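Visitor: What follows is a protein structure lacking sequence information:
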């Protein structure tokens with residue numbers, strides 16, 4: 001499923017140097033978000049998953065849905081926060 005197929009809309013919350021980018025997960029009646037440190041480095045690798053209903057993580061199907069949404073949330077965060085979500089550059093051989 002692509003971003004367009006998920007029809008994701010985002011809200012952003014900032015508090016105490018942390019940012020959460022949220023989206024609705026209609027299949028589970030909850031919100032899912034990624035939380036990261038504004039101005040921090042390597043957030044592509046170290047962001048946290050947050051939700052308003054942890055029951056989404058109690059089944060394999062829920063985990064698959066959460067992972068699809070997490071990937072799209074990370075893609076959105078990369079666009080909004082390119083410095084924080086920059087990938088590690090591979091050394092040249």
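Guide: Sure, I can see it. Predicted, not measured: the structure shown is a model, and the values here were computed from it. Numbers count the residues shown, from 1 in each chain.
Visitor: Quick check: residue 42 touching residue 88?
Guide: Yes - under the criterion of C-beta atoms under 8 Å, residue 42 makes contact with residue 88 at 7.1 Å. C-betas here are computed from N, CA, C, even on glycine.
Visitor: neighbour-wise, which of these two wins?
Guide: Using other C-beta atoms under 10 Å, the more surrounded residue of residue 42 and residue 88 is residue 42, with 14 against 9.
Visitor: after the helix or strand bottoming out on mean pLDDT in the chain, next one along is what?
Guide: Every helix and strand in the chain was compared by mean pLDDT, DSSP states H and E; the lowest is helix 3-6, with a mean of 54. The element immediately downstream of helix 3-6 (helix or strand, assigned by DSSP states H and E) is strand 11-15.
Visitor: Centre of the chain to that following strand, how far?
Guide: 13 Å (C-alpha atoms, centre = their mean, to the nearest Å).
Visitor: Determine the set of other helices and strands touching that strand.
Guide: Strand 11-15 is packed against strand 18-25, with contacts defined by 3 or more C-beta pairs under 8 Å, 6 or more residues apart in numbering; DSSP states H and E.
Visitor: Sheet partners, orientation included, of the strand it packs on?
Guide: Strand 18-25 has the following strand partners under DSSP bridges: strand 11-15 (antiparallel), strand 30-37 (antiparallel).
Visitor: Identify the residue nearest residue 74 in space, chain neighbours excluded?
Guide: residue 34 (6.2 Å; C-beta to C-beta, 6 or more residues apart in numbering).
Visitor: Show the pLDDT at that neighbour.
Guide: pLDDT for residue 34: 97.
Visitor: my read: it touches residue 71, true?
Guide: No - the pair residue 34 / residue 71 is not scored as a contact, 10.1 Å apart, by C-beta under 8 Å.
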